[in-house]
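Asks: sequence and predicted structure, then a few things I'm wondering about:
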Amino acid sequence: MNQEQQELLPVLTAEEQRVLGCLIEKSRTTPDYYPMTLNSLTAACNQKSSRKPVVDYDEETVVLALDSLKKKKLISTVTGGGSRVVKYKHNFAIHFPVVPSDLAILCLLLLRGPQTPGEINTNSGRLYEFESIEEVVENLERLSSGDMPYVVQLSKRPGQKEARYAHLLGGEIDIDDEDIFPEEPARRNVGELEQRLSVVEQELAELKDAFNKLMKELMG
């Protein structure tokens, strides 16, 4: 792979990373509500669960990120199905040679920051069912090698058993920076509760869309 091809890996802002990560996540966890409306996507970006850091984006911020991602051909818009509401979907796997397990890892790193293999195995949930931590490690090694790596292994911190991995979609990072999203203990029951909460938040956002549409029809 030549230098020109290596430069195709996008460098995304924090807002673009969050929006792209949410689209990837919801395409797997709530397919019935995907592609996503602007309202539901904004709610997904601002989730209190499964997000680090937690943000409070307004729709304008999300729209600006979507516009930029569209120029980079990482997302596209869709309409139809009896609705004129514009919806959004990601195109990452179309432009980059990643398999579902790779995409699940990148999604987690985009939404949660650096993770250890154990955390990825615990938090992957409905994104992808890894058979073992060893399988996660194999995927991480593949993603961090080659002419165009997608992730990088960070230096271990004192007392840390597992190394963390970070994505490279935000450009080069300092692998020795100990302050990059300090890790949190990973507990399977917490991960499961976060997944359930994210589904509820998604459904509430869709119900709000439906209610607003109904009110417009009644007022019209």
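Replies: Okay, I see it. Just so it is clear, the structure is predicted and the values come from calculations on it, not from any experiment.
Asks: the biggest strand by length in the chain pairs with which strands, parallel or anti?
Replies: The longest strand of the chain (DSSP state E) is strand 83-90. Counting by DSSP bridges, the strands paired with strand 83-90 are strand 36-37 (antiparallel), strand 75-80 (antiparallel).
Asks: so how far is the last one off the chain centroid?
Replies: Computed by C-alpha atoms, centre = their mean, to the nearest Å, the chain-centroid distance of strand 75-80 equals 18 Å.
Asks: report the buried residues of it.
Replies: The neighbour-count check on strand 75-80 (16 or more other C-beta atoms under 10 Å) flags residue 75 as buried. All C-beta spots, glycine's among them, are computed from the backbone N, C-alpha and C.
Asks: tabulate the strands paired with strand 83-90 (TSV), appending mean pLDDT and distance to residue 97.
Replies: Shown next, in TSV, are the strands paired with strand 83-90 (pLDDT from 0 to 100; distance: least, C-beta to C-beta, whole Å):
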stretch	mean pLDDT	distance to residue 97
strand 36-37	96	25
strand 75-80	90	18
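Asks: so which of these is nearest residue 204?
Replies: Closest of those to residue 204 is strand 36-37, at 12.7 Å (criterion: C-beta to C-beta).
Asks: tell me the angle the very next helix or strand once past the closest one makes with strand 75-80.
Replies: As assigned by DSSP states H and E, the chain's next helix or strand after strand 36-37 is helix 38-45. Put simply, helix 38-45 runs at 140 degrees to strand 75-80, going by axes from the mean of the first three to the mean of the last three C-alpha atoms, to 10 degrees.
Asks: show me what the following helix or strand past helix 38-45 is packed against.
Replies: Sequence-wise, the next helix or strand downstream of helix 38-45 (DSSP H and E) is helix 59-71. Applying 3 or more C-beta pairs under 8 Å, 6 or more residues apart in numbering; DSSP states H and E, we find helix 59-71 packed against helix 14-29, helix 38-45, strand 75-80.
Asks: related to what we said a few turns ago, can I get the strands paired with strand 83-90 in TSV with distance to residue 102?
Replies: Formatted as TSV, the strands paired with strand 83-90 follow (distance: least, C-beta to C-beta, whole Å):
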stretch	distance to residue 102
strand 36-37	22
strand 75-80	18
